[in-house]
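S.K.: Predicted model and sequence below, questions to follow.
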Amino acid sequence: MGNNFGERFNPKSIAILGSTGSIGTQALEVIRQNPDRFKIFVLTANNNADLLIKQALEFNPAYVVLTSEAKLAEVRDALSSSETKVLCGMDELCKVLCHPEISLVLTAMVGFAGLIPTLAAIKAGKDIALANKETLVVAGELVNRLAKEHGVKILPVDSEHSAIFQCLAGEEHNPIEKIYLTASGGPFRGRDIDFLSTIGRKEALKHPNWVMGEKITIDSASLMNKGLEVIEAKWLFDLDVSQIDVIVHPQSIVHSIVQFRDGSMKAQMGLPDMKLPIQYALAYPERLENTFPRFNFLDYPNLSFEQADKKTFRNLAIAFDALNAGGNMPCVINAANEVVVAEFLKERLGFLQMSDVIEKCMSKISFIADPLLDDYVETDRLTRIYAQELVTNNKY
């Protein structure tokens, strides 16, 4: 009781990287419901000035940081009468993440852009609530080493990795035999290649269970999201590739499963609501009361499971190939995927052609077995250039 009482007068100070995106806005909903437990110290965004201004006026952070200069004047003007300082650029963001008052950094930026500030926060000794899976996909070995050196906890926010993390509570001395990451199958579960060759942006953005940002929704439709989660799981839980499997679970109630060496299995279950894993990461190791809807077994009399179709949804197989190759290959597929998803959303590339471009990038970009940070940055840059050339010149 003493600790909890004390915490109520010392709310946890949070930096949210990507506060205007899907994860960021849901995190602010959690914080809004627990004002005695959390306070906002930093909010960041890229270009969504209107929402960032609204958030800053409500939560009164010490700093807001724009990663793009396009809306800087607008934000500065809107917040000029507040106490919030407005900064711009990646260097300023990395500096402010070193502030001693910050105790937890929620990394919810989309894509490779989240890597550098996450590394800066780790080096500053801040615990990380990780929603930016690309950070571990691209540089998992580096991130883990730095987290260990600086005594930092990496708390997963992805629903599947949060599920594994929760299932492992109290099992520190029991080796994992296998984990099963569950996938909804996305909007095209059970469809064949002929069907996938006809679909466009509108159909791919209709996820059956989850409300997410555009990029992750397309990744979910192509199963690349699950592939990236496989790579992330390897680093989060220190697993071999052979210990990771993916099963399709259309209802999205079982969020993932851990199997131990005696054959026993633990699953974490609940309604598909990202606020649950967000809240768990923010409040860890405590579980906070909330008013979220509760699961009713009678509403789901049948929970079903299927094998993932890696032949039709090649991105999942590509991700396993990249993980098996190691080195900078996961960085390559991540960069190529970010380019092709953006082009698909602009309707300049077909759904199936996304995999074609990613595979060509894997064969073209030089393999580096033991990359350093500069190698990851250069791999990302070169892959984006080559992927863009392939799309622009229709050479996929």
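M.R.: Sure, I can see it. Residues are numbered from 1 along each chain as shown.
S.K.: Do a quick rundown of the helices in the stretch 201-350 of the chain.
M.R.: Secondary structure of the stretch 201-350 of the chain (DSSP state H, counting those that start in this stretch): helices at 201-204, 214-222, 224-236, 275-283, 314-325, 329-345.
S.K.: Could you work out which of these reaches nearest to Val64?
M.R.: Closest of the helices of the stretch 201-350 of the chain to Val64 is helix 275-283, at 19.3 Å (criterion: CB to CB). For the C-beta atoms, the positions are set from N, CA and C on the backbone; glycine is no exception.
S.K.: residues making contact with that closest one?
M.R.: With contact meaning CB atoms under 8 Å, 6 or more residues apart in numbering, helix 275-283 is reached by 12, 14, 23, 26-27, 29-31, 34, 37-38, 104, 106, 129-131, 155-159, 162-163, 166, 255, 270, 287-288, 290, 292.
S.K.: Looking at those, which are in helices?
M.R.: The helices, defined by DSSP state H, take in 23, 26-27, 29-31, 159, 162-163, 166 from the contacts of helix 275-283.
S.K.: And for His207, the neighbour number?
M.R.: Counted by other CB atoms under 10 Å, the residues lying close to His207 total 18.
S.K.: Show the contacting residues for the nearest residue to it once chain neighbours are set aside.
M.R.: Once flanking residues are discounted, His207 sits nearest to Thr217: 5.2 Å by CB to CB, 6 or more residues apart in numbering. By CB under 8 Å, 6+ apart, Thr217 lies in contact with 204-205, 207, 210.
S.K.: again with Ile23
M.R.: Residues in contact with Ile23 (CB under 8 Å, 6+ apart) are 106, 108, 131, 157, 274, 278.
S.K.: let's go with 10 Å and repeat that
M.R.: Neighbouring residues of Ile23 by CB atoms under 10 Å, 6 or more residues apart in numbering: 16-17, 106-110, 129, 131-132, 157-158, 212-213, 216, 274-275, 277-278.
S.K.: One more: Phe260?
M.R.: Contact partners of Phe260, counting by CB under 10 Å, 6+ apart, are 167-168, 171, 174-178, 266.
S.K.: Please repeat the previous calculation with a cut-off of 6 Å.
M.R.: Applying CB atoms under 6 Å, 6 or more residues apart in numbering, we find Phe260 in contact with 174, 177.
S.K.: State the pLDDT value of it.
M.R.: pLDDT, Phe260: 98.
S.K.: again, but for Phe5
M.R.: Value listed for Phe5 in the pLDDT field: 40.
S.K.: how many neighbours does Arg80 have?
M.R.: Quick fix: residue 80 reads Ser, not Arg. Using other CB under 10 Å, Ser80 is surrounded by 9 other residues.
S.K.: where's it, which helix or strand?
M.R.: Using DSSP states H and E, Ser80 sits in no helix or strand.
S.K.: Dihedrals phi and psi, it?
M.R.: Main-chain torsions, Ser80, degrees, to the nearest 10: phi -60, psi -30.
S.K.: How about Lys310?
M.R.: Recorded main-chain torsions at Lys310 are phi -80, psi -20, according to degrees, to the nearest 10.
S.K.: Around Ala233, count how many other residues there are.
M.R.: Other residues close to Ala233 by other CB under 10 Å number 27.
S.K.: quick one: pLDDT of it?
M.R.: Here, the pLDDT recorded for Ala233 equals 98.
S.K.: Ok, Leu288 next?
M.R.: Here the pLDDT value assigned to Leu288 is 96.
S.K.: repeat for Lys311
M.R.: 96.
S.K.: before we move on, what about the one 10 residues further on?
M.R.: Asp321 is assigned a pLDDT of 98 by the prediction.
S.K.: and the gap between it and Phe112?
M.R.: 20 Å (CB to CB, to the nearest Å).
S.K.: Compare those two (neighbour count), which wins?
M.R.: Between Asp321 and Phe112, Phe112 has the larger neighbour count (other CB under 10 Å), namely 23 against 16.
S.K.: was I right about that one contacting Thr379?
M.R.: No - when contacts are counted by CB atoms under 6 Å, Phe112 is not listed as touching Thr379 (10.0 Å).
S.K.: Now do the same contact list for the closest residue to Glu203 other than its chain neighbours.
M.R.: Leaving out its chain neighbours, the residue that sits closest to Glu203 by CB to CB, 6+ apart is Pro187, at 6.5 Å. For Pro187, the contact set (CB under 6 Å, 6+ apart) comprises 206, 208, 221.
S.K.: All good on my end, thank you.
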